[in-house]
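In: quick one, what's the 3D model for this:
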Amino acid sequence: MVLFEYKALDPTGKTIRGIIESDSEKGARTKLKKNSLYLTEISEKSANKKSGAITTKSLFFGRVKITDVSLATRQLASLVKANIPLVDALSALIDQTENERLKTIFSNVRQDVNEGSALAKALSKHPKAFTNIFVNMVEAGESSGTLGLILIRLAEFLESQVRLKNKVSSALMYPLLMLLVAFALLIGIFIFVIPKIVGIFESMNKPMPIQTQILIGISNFLINYWWLVASIGFFSFVFFNRYIHTLNGRTRWDGFKLKMPLFGPLIRMLAVARFSSTMATLLSGGVPILTAMNIVKNIVSNTLIMNAITQARENITEGQSIAEPLKKSQQFPPLVIHMIAIGEKTGELPQMLQNVSQTYEEQVAVKIEGLTSLLEPAMIIFMGVVVGGIVISIFIPLIDLNNIT
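Out: Sure, this is the predicted structure:
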């Protein structure tokens, strides 16, 4: 399929610019004619045009970030709430969108909507840009006549997910960077520094301390058998990756992650916050509870928590409550169970879930700050102890040898 950029007049005489996908120019003209558009200009979209042309690279390797989708959703919500017809709103959105891949996607969506398709159905054709949550929320908004309000809630939901993700990423960036620096420093010492020190010891023909002999042995092994170390590391990674993608392996790995010191509680909090915020958004948007539970089950990455949600969904189909199976699973904190139970009794489950989400997002922020303040000095101490131990093991024997001579 080829992309064509066109300029046309609609039945009211208004000029419309856009992008259409077709296997030929003739096919593109036929599609536009079916949409009651009078074509004035059409050309194949070139990679050299300055007007934001879509290159092969951007089509096949370009990514649609959640921040781009969030911004576009909020802009579309504003246009829809201003009672602008959906096709015109999508046309305005295409002009405002900077991400070229997303611009193309919205062009295709507009074309489908213009041909009579529902917005949710048109969006569902692009799962890499719009998740099941997004599509189901839009479908509920269209059926209830509250599309503008639903789009605003979707934008807020996506923005909250971005904020949470950024908090976690920024908190882990510094410790990971320090770990990489420490690893590179150790490799440099063992491969470049210690071999030069060995020559000094050999020239003095003096016995070396045991700790120095161990360091020299490690250095010689890394230099002579680096390929073996790299192979072991590579195949260990491949084997581990395959194992955790099996049913038994993933269950064990997910259980281990939840029991990890320091990080286990944070992983659980993140899962609870994501479950609560997603459920609250779906239910408040008019999505049926069984559909909402099925969607949430698929976005929770931890198998144990996913199984608890699946069991809760089965209970609902049998006319029972959500809270009881979540409590039996022992994967959800008591506070969450208590608030869900109250929400079910009072009929205010979406509001209670939103409160749970806000509470746990705040706890995640506090936990991340605590972990960051703990990890930074811990990494500095670790680097100091390891590097300092190596330096002492090498240079103190050298000083002793100089004193002897």
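
In: looking at it, Val109 is touching Leu90, isn't it?
Out: Yes. Using C-beta atoms under 8 Å, Val109 is in contact with Leu90, at 6.3 Å. C-beta coordinates here come from the backbone N, C-alpha and C atoms, glycine included.

In: walk me through the domains of this protein.
Out: 2-130, 159-405 (automatic domain parsing).

In: got JSON lines for these, with mean neighbour count, distance to Gly148 and mean pLDDT too?
Out: Output for those, formatted as JSON lines (neighbours: other C-beta atoms under 10 Å; distance: least, C-beta to C-beta, whole Å; pLDDT from 0 to 100):
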{"stretch": "domain 2-130", "mean neighbour count": "16", "distance to Gly148": "4", "mean pLDDT": "77"}
{"stretch": "domain 159-405", "mean neighbour count": "15", "distance to Gly148": "12", "mean pLDDT": "82"}
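
In: now render the ones you listed as TSV, adding distance to Leu149.
Out: Shown next, in TSV, are the domains of the chain (distance: least, C-beta to C-beta, whole Å):
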stretch	distance to Leu149
domain 2-130	8
domain 159-405	8
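
In: which residue is the nearest non-sequential neighbour of the residue nearest the centre of the chain?
Out: The centroid of the chain falls nearest to Lys165 when counting by C-alpha atoms, centre = their mean (7.2 Å). Using C-beta to C-beta, 6 or more residues apart in numbering and skipping residues adjacent in sequence, the residue nearest Lys165 is Ile66, 7.9 Å away.

In: state the phi and psi torsions of the one you found.
Out: With angles defined as degrees, to the nearest 10, Ile66 sits at phi -60, psi -30.

In: these two touch, right, it and Leu158?
Out: Yes. Here Ile66 reaches Leu158: they are 5.9 Å apart, a contact under C-beta under 8 Å.

In: now do the strands in the protein.
Out: Remark: strands assigned in the chain by DSSP state E are 2-9, 15-22, 38-44.

In: quick one: closest of the ones you listed to Ile223.
Out: Among those, strand 2-9 comes nearest to Ile223, with 53.6 Å by C-beta to C-beta.

In: just checking, Lys257 touches Thr303?
Out: No. Assessed by C-beta under 8 Å, Lys257 is found out of contact with Thr303, at 10.0 Å.

In: picking that back up, wait, what's in contact with the residue nearest to Lys165?
Out: Leu158, Gln161, Val162, Lys165 (C-beta atoms under 8 Å, 6 or more residues apart in numbering).

In: spatially nearest residue to the first one (excluding sequence neighbours)?
Out: In space, and not counting its chain neighbours, Leu158 is closest to Ser70: 3.7 Å by C-beta to C-beta, 6+ apart.

In: and the one you found, how far is that from Val64?
Out: 11 Å (C-beta to C-beta, to the nearest Å).

In: swap in Ala82?
Out: Taking C-beta to C-beta as the measure, Ala82 falls 25 Å from Val64.

In: from Phe237, how far out is the closest residue to Ile187 other than its chain neighbours?
Out: Leaving aside its sequence neighbours, Ile187 sits nearest to Leu222 (C-beta to C-beta, 6+ apart; 7.5 Å). According to C-beta to C-beta, Leu222 and Phe237 sit 19 Å apart.

In: go on, Lys345?
Out: Lys345 is 49 Å from Phe237, by C-beta to C-beta.

In: next one: Ala72
Out: Applying C-beta to C-beta to Ala72 and Phe237 gives a distance of 37 Å.

In: do the same with Ser43
Out: Relative to Phe237, and taking C-beta to C-beta, Ser43 is found at 48 Å.

In: ok, now which ones touch the spatially closest residue to Leu123 that is not a sequence neighbour?
Out: Among residues not flanking Leu123 along the chain, Phe130 sits closest, at 4.5 Å (C-beta to C-beta, 6+ apart). Phe130 is in contact with Val69, Leu123, Ser124, counting by C-beta under 8 Å, 6+ apart.
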